[in-house]
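Peer 1: Below are the sequence and a predicted model; questions follow.
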Amino acid sequence: MKDYQIEPWDNVKKVNLDTYIPPEVEKIAKKVMAHYNMKVRSRKLITSKPDKGGAIWKIETNKGPRSLKLLHRAPARSKFSVYAQDYIVKQGARVPALVRTKNKQLYVEMGGKVWIVTDWIRSLKQASKINLKGAKELCHGLGEFHKHSKGYLPPEDAVKASRLTRWPKYYEKVRTKIGWFRELAKAYKNLPASKRLLSLTDRFEKQASDALAQLEKSPYSKMVAKGEAHWGLVHQDYGWSNGQLGPGGLWVIDLDGVSYDLPIRDLRKLITSTMEDMGYWDLKWARGMINAYHKANPIDAETYEILMIDLSLPNEFYKHVKEMLYYPETFLKREADPVLNGVMKCEKTKWKALKQLWKDKSKFKSGNYTGTSSRKKKKKKRNKKKRGGKS
């Protein structure tokens, strides 16, 4: 038991994976709880990730309800998130506070994974998805979270998680994989959905190319040169379930995937997913969401420009169709048509809404990003090496 390493358990047969936790993991959970100054009266599984090896329990203790969480990522990566959560709480954010162990540690490392205990926030509820007020509450809470994350620096024993400088490569990846979609559609040309997908790949490939060209001309490189601590953290999985209304306002939960990035990426994901759920682009909703975020974490003109560029990338098309790369025949037979129906339904209103949103850039003040861009810094460093380090 001492050397047991927690691995994904989705390969276990004849069990209900929604409620099953391996007995070895259950034993480790009990040992972990013993590291805390609390008496556990009961423990209830809330959710699990059998395909990754993670889980969350609600525990009733003599100190009140708490959450026990098994983080599925590698320990060094999980530590980045754990220390980030502690930092953000100390900045005043509405984020569950970590409970320290008897030895004053923020976590327990056991079974090859990191475990944490946090406060259980009572009476959390989702913001309304049927009116703009709920969307505004969600965006305002996101802005607060981003603002409080600025300045975070991880400890040396944590792996730094950062996507800040990776935007151009990500855009290139989207464009490249849309090309792969085309080739797979050709390879399975006899399937009915293939012809339709082929008729759309040129359109979305061009959108990806145009977005990349805009990004390369934008202030992006000078902005990221400000550094990771300047921009702070993104949640990466923020939405109606991970941002919920509770005591004092909106609470942000499940922070184990946080990473350095331009914070506007979280807002973009929230806007595009909301428009997709609605089935069309609603200009009033999009503006309302952006303005609610802006009130909590002010956006400058350059950041707004990056948001518009990221919205113009074929995000939803790529997100859904990339599943084809894993099982092309099944996807093209059963899933392609519903996916493409949803994407094309939104396409009818997306570009008219974006055209109007672009005009709003003039309402935001410039961030005055002067100095050397990250790209020029790298070029200067390479040239210095070629000259043998002479200045």
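Peer 2: Cool, got the structure.
Peer 1: what's the spacing between the longest helix seen in the chain and its chain's center?
Peer 2: When the chain is scanned for its longest helix (criterion: DSSP state H), the result is helix 192-217. Offset of helix 192-217 from its chain centre (CA atoms, centre = their mean, to the nearest Å): 23 Å.
Peer 1: repeat for stretch 87-95
Peer 2: Computed by CA atoms, centre = their mean, the separation of stretch 87-95 from the middle of its chain amounts to 19 Å.
Peer 1: Now do the same contact list for the most centrally placed residue in the chain.
Peer 2: Centroid check for the chain by CA atoms, centre = their mean gives residue 236 as the closest residue, at 1.0 Å. Taking CB atoms under 8 Å, 6 or more residues apart in numbering, we find residue 236 in contact with 257, 258, 259, 261, 266. The way it works is simple: take the backbone N, C-alpha and C, and place the C-beta from them, glycine included.
Peer 1: rerun that using 6 Å as the cut-off
Peer 2: Listed by CB atoms under 6 Å, 6 or more residues apart in numbering, the contact partners of residue 236 are 257, 259.
Peer 1: Repeat that for residue 71.
Peer 2: 78, 114, 256.
Peer 1: Which of the residues you listed scores worst on pLDDT?
Peer 2: Least confident of the contacts of residue 71 in the model: residue 256, at 95.
Peer 1: For that residue, give its distance to residue 130.
Peer 2: 30 Å (CB to CB, to the nearest Å).
Peer 1: same thing with residue 240?
Peer 2: 11 Å.
Peer 1: So for the two, which sits in the more crowded spot?
Peer 2: The neighbour comparison of residue 240 against residue 130 (other CB atoms under 10 Å) goes to residue 240, with 17 against 7.
Peer 1: thought that one was touching residue 125?
Peer 2: No - contact criterion CB atoms under 6 Å: residue 240 and residue 125 do not qualify, at 10.5 Å.
Peer 1: how distant is whichever strand or helix holds residue 321 from the center of its chain?
Peer 2: Residue 321 is part of helix 315-321, with elements assigned from DSSP states H and E. Centre-to-centre, helix 315-321 and its host chain are 15 Å apart (CA atoms, centre = their mean).
Peer 1: cool, stretch 65-83 as well?
Peer 2: 16 Å.
Peer 1: cool, and stretch 219-236?
Peer 2: For stretch 219-236, the distance to the chain centre is 15 Å (CA atoms, centre = their mean).
Peer 1: can I have it written out in PDB, keeping just the CAs?
Peer 2: Extracted in PDB, the C-alpha atoms of stretch 219-236 (Å, rounded to 0.1, in the frame of the first residue of the first chain):
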ATOM      1  CA  PRO A 219       0.000  44.500 -30.100                       C
ATOM      2  CA  TYR A 220       0.000  40.900 -28.800                       C
ATOM      3  CA  SER A 221       3.800  40.500 -28.700                       C
ATOM      4  CA  LYS A 222       4.400  43.700 -26.800                       C
ATOM      5  CA  MET A 223       1.600  42.800 -24.400                       C
ATOM      6  CA  VAL A 224       2.900  39.400 -23.500                       C
ATOM      7  CA  ALA A 225       6.400  41.000 -23.000                       C
ATOM      8  CA  LYS A 226       4.900  42.500 -19.800                       C
ATOM      9  CA  GLY A 227       5.400  39.000 -18.300                       C
ATOM     10  CA  GLU A 228       3.200  36.400 -16.700                       C
ATOM     11  CA  ALA A 229       2.800  38.000 -13.200                       C
ATOM     12  CA  HIS A 230       1.500  41.200 -14.900                       C
ATOM     13  CA  TRP A 231      -1.400  39.400 -16.500                       C
ATOM     14  CA  GLY A 232      -2.100  36.800 -13.900                       C
ATOM     15  CA  LEU A 233      -4.100  33.600 -14.300                       C
ATOM     16  CA  VAL A 234      -6.900  32.100 -16.400                       C
ATOM     17  CA  HIS A 235      -9.200  29.500 -15.100                       C
ATOM     18  CA  GLN A 236      -9.300  27.600 -18.400                       C
END
